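Novice: Sequence unavailable; structure follows:
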Ligand SMILES: C[S@@+](CC[C@H](N)C(=O)[O-])C[C@H]1O[C@@H](n2cnc3c(N)ncnc32)[C@H](O)[C@@H]1O
């Protein structure tokens, strides 16, 4: 699949799925948002790019916390984000663009956050490079992924008590129920791209829940990486 095919699939997704609430879905509210905000530090006054912002729930959380936010989104999800901004203005700027193609904001941001985005982009190397280039020196790159080591859905853990890994090293696409595919790459592919883009990895979180009945008390669904532009 090309980037264009994937963006068209996200267009369709935006027309058929219920918009997120203010905190996103359960995983975002309880796992991803706390990790992202921990790695970001106090948002007030920061210039932040929400790269691949979807319907913009994270852009709005960041703006409410005092950040100056730009949301970048190539698909029709941007209409949801713009509608929310029109309904409750938070001074968020939305740009419709493909992260892999570049968007002309080099050196501008204190932080770039790609929340659950890079695993969805065929040309993820260019997307990572543009995220890094958008940072000022010392700026923070934060990205979250479906954990590439443990991609089986929560239902698989619930049924078996473990998640299986059959093909880790080979890059491949995985169909997702009711949505665009996920592109699997080994973790090293992402981490090496960060380093090649001139960033130093500072911290990695594998968010967990306390409830022993939940898979995320045992096997993380996500990984969240903080890097700093040198
Ligand atoms: C799983 S959603 C995450 C959306 C949002 N960050 C969130 O957490 O709700 C993945 C997003 O990546 C976007 N995306 C796909 N291809 C992209 C590209 N080439 N450049 C930027 N964003 C892209 C999709 O349109 C979609 O909004």
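Specialist: Great, that's in hand. These numbers were taken from a predicted model, which means no experiment stands behind them. Numbering: from 1, shown residues only.
Novice: so where do the helices sit in the protein?
Specialist: If DSSP state H is used as the criterion, the helices of the chain fall at 3-16, 26-27, 33-40, 57-64, 77-87, 124-133, 154-160, 187-196.
Novice: Which positions in this protein make contact with the ligand?
Specialist: Within reach of the ligand by CB under 6 Å from any ligand atom, the chain has these residues: 3, 6-7, 10, 24, 52-54, 57-58, 73-75, 77, 98-100, 115-117, 120-121, 127. Any C-beta I mention is one placed from the backbone N, CA and C, and that applies to glycine too.
Novice: nearest to residue 108, of the helices of the chain?
Specialist: Evaluated over the helices of the chain, closeness to residue 108 peaks at helix 124-133, with 9.6 Å, by CB to CB.
Novice: what's the angle from the closest one to helix 187-196?
Specialist: Computed by axes from the mean of the first three to the mean of the last three CA atoms, to 10 degrees, the angle separating helix 124-133 from helix 187-196 equals 40 degrees.
Novice: what angle sits between helix 124-133 and helix 3-16?
Specialist: Interaxial angle of helix 124-133 relative to helix 3-16 (the same axes, to 10 degrees): 80 degrees.
Novice: who does helix 124-133 touch, helix- and strand-wise?
Specialist: Helices and strands touching helix 124-133, by 3 or more CB pairs under 8 Å, 6 or more residues apart in numbering; DSSP states H and E, are strand 47-51, strand 109-115, strand 135-146, helix 187-196.
Novice: which residues touch it?
Specialist: Applying CB atoms under 8 Å, 6 or more residues apart in numbering, the contact partners of helix 124-133 are 49, 51, 99-103, 106-107, 112, 114, 117-118, 121, 141, 143, 183, 185, 190, 193-194, 197-199, 227, 229.
Novice: Now the buried members of the residues you listed.
Specialist: Buried subset of the contacts of helix 124-133 (neighbour count, 16 or more other CB atoms under 10 Å): 49, 51, 99-100, 103, 112, 114, 117-118, 121, 141, 143, 183, 185, 190, 193-194, 197, 199, 227, 229.
Novice: Roughly how far does residue 204 sit from the ligand?
Specialist: Taking CB to the nearest ligand atom, to the nearest Å as the criterion, residue 204 is separated from the ligand by 19 Å.
Novice: what pLDDT does the nearest residue to that residue once chain neighbours are set aside get?
Specialist: Among residues not flanking residue 204 along the chain, residue 225 sits closest, at 5.4 Å (CB to CB, 6 or more residues apart in numbering). Here, the pLDDT recorded for residue 225 equals 99.
Novice: so residue 225 sits right up against residue 142, yeah?
Specialist: Yes: between residue 225 and residue 142 there is a contact under CB atoms under 8 Å: 7.0 Å.
Novice: Find the centremost residue of this protein, please.
Specialist: The residue lying closest to the centre of the chain (CA atoms, centre = their mean) is residue 115, at 1.6 Å.
Novice: List the contacts of that one.
Specialist: 28, 32, 36, 50, 52, 58, 142, 143, 144.
Novice: and the nearest residue to residue 156 once chain neighbours are set aside, how many neighbours?
Specialist: Nearest residue to residue 156, sequence neighbours excluded (CB to CB, 6+ apart): residue 163, at 5.7 Å. By other CB atoms under 10 Å, 18 other residues sit near residue 163.
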